[in-house]
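Student: Below are the sequence and a predicted model for it; my questions follow.
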Amino acid sequence: MGEYSDLVVQGEDEELVALVKKRLGEGVDPNAIIDELTDGIRVIGDQFENGQVFLPELMLAAEAMQAAIDVLKPALQAGGGAQEAAGKVVIGTVEGDIHDIGKTIVGAFLSVSGFDVVDLGRDIPTKEMVAKAQELGADVIAASSLLTSTMPAGRDIVELLKKKDIRHEHVVMVGGAPVTEAWAESIGADGTAKDAPGAAKMCRELVDAKRTEQAGLRPD
């Protein structure tokens, strides 16, 4: 790894921000810095999945990368070099559920993994979530349910999209402690993941597949 990715993995936000500012002042390409920061977040994600690090370390790494990205944004915009987002995600905890720690962690990890994330918060009605996704042209609707009693909201989202004949426009991901792969499949969702790094990987795969399919449907 390089100097930026090492600091991401270590969760050293202040040192990372100082280094990024220094390198920008020296004329280093901000896109090159972004690439290495992304390498760092992938490494910490792999370590988390393998049980080498735990949630506190993961969150520190995500916070460090987000702080660095905040510094880089003006330079990227000024140079016209801002990278295209991996996709747009609307995320929220479903209606009747006020738990949002897990949802917030997933949202943060998606953000530092290159996605444009709009966090609607908690206790969000199905209609509002779908309407916001339509308004923003979101690639993904990510619904979090921490209570078994609110899990059916994921199915409601899928059914509403079908009713509006826009199911093909959005990837639907569901998550939360009680959510399983079998449940996600049974309600017609596109997927679920056991943790934030897994969610980011799956989200990228599903969005790439969606775009490839849509490209194949376009007339030449």
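Tutor: Arrived safely. Since the structure is predicted, the reported quantities are computational estimates derived from the model, not experimental observations.

Student: so how far is residue 91 from residue 138?
Tutor: 9 Å (Cβ to Cβ, to the nearest Å). For glycine as for every other residue, the C-beta is placed from the backbone atoms N, C-alpha and C.

Student: okay, and the common contacts of those two?
Tutor: Listed as contacting both residue 138 and residue 91 by Cβ atoms under 8 Å, 6 or more residues apart in numbering are residue 118.

Student: the more surrounded of these two?
Tutor: residue 91 (29 against 23; other Cβ atoms under 10 Å).

Student: Map the structural domains onto the sequence of the chain.
Tutor: Structurally, the chain divides into domains by automatic domain parsing as follows: 3-78, 88-217.

Student: If you average the pLDDT over the longest one, what comes out?
Tutor: Per-residue confidence for domain 88-217 averages out to 93 on the pLDDT scale.

Student: what about it, distance to the chain center?
Tutor: Relative to its parent chain, domain 88-217 has a centroid offset of 10 Å by Cα atoms, centre = their mean, to the nearest Å.

Student: likewise the first one?
Tutor: The chain centre lies 16 Å from the centre of domain 3-78; the measure is Cα atoms, centre = their mean.

Student: Now do that domain: distance from first to last residue.
Tutor: Domain 3-78 has its terminal residues 24 Å apart, counting by Cα to Cα, to the nearest Å.

Student: Tally up the residues packed near the spatially closest residue to residue 30 that is not a sequence neighbour, please.
Tutor: The shortest distance from residue 30 to any non-neighbouring residue, by Cβ to Cβ, 6 or more residues apart in numbering, is to residue 75 (4.4 Å). Residue 75 has 18 neighbours, counted by other Cβ under 10 Å.

Student: Surely residue 75 and residue 31 touch.
Tutor: No - judged on Cβ atoms under 8 Å, residue 75 makes no contact with residue 31 at a distance of 9.4 Å.

Student: Would you map the strands across this structure?
Tutor: In the chain, the segments counted as strands under DSSP state E are 88-93, 116-119, 140-144, 171-175.

Student: wait, which of the ones you listed is closest to residue 186?
Tutor: Shortest distance between residue 186 and the strands of the chain, using Cβ to Cβ, is found for strand 171-175: 10.7 Å.

Student: Need the residues that contact the longest helix seen in the chain.
Tutor: In the chain, taking DSSP state H as the definition, the longest helix is helix 55-78. Helix 55-78 is contacted from outside by 4, 7-13, 16-17, 20-21, 24, 30-31, 33-34, 37, 40-41, 44-45, 47-48, 82-83, 105, 108-109, 111-112, 196-197, using Cβ under 8 Å, 6+ apart.

Student: Could I have the buried ones of those as ChimeraX selection syntax?
Tutor: Of those, the buried ones go into a single ChimeraX selection, burial set by 16 or more other Cβ atoms under 10 Å:
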select :4,7,8,9,10,11,12,13,16,17,20,24,30,33,34,37,40,41,44,45,47,48,105,108,109,111,112,196,197
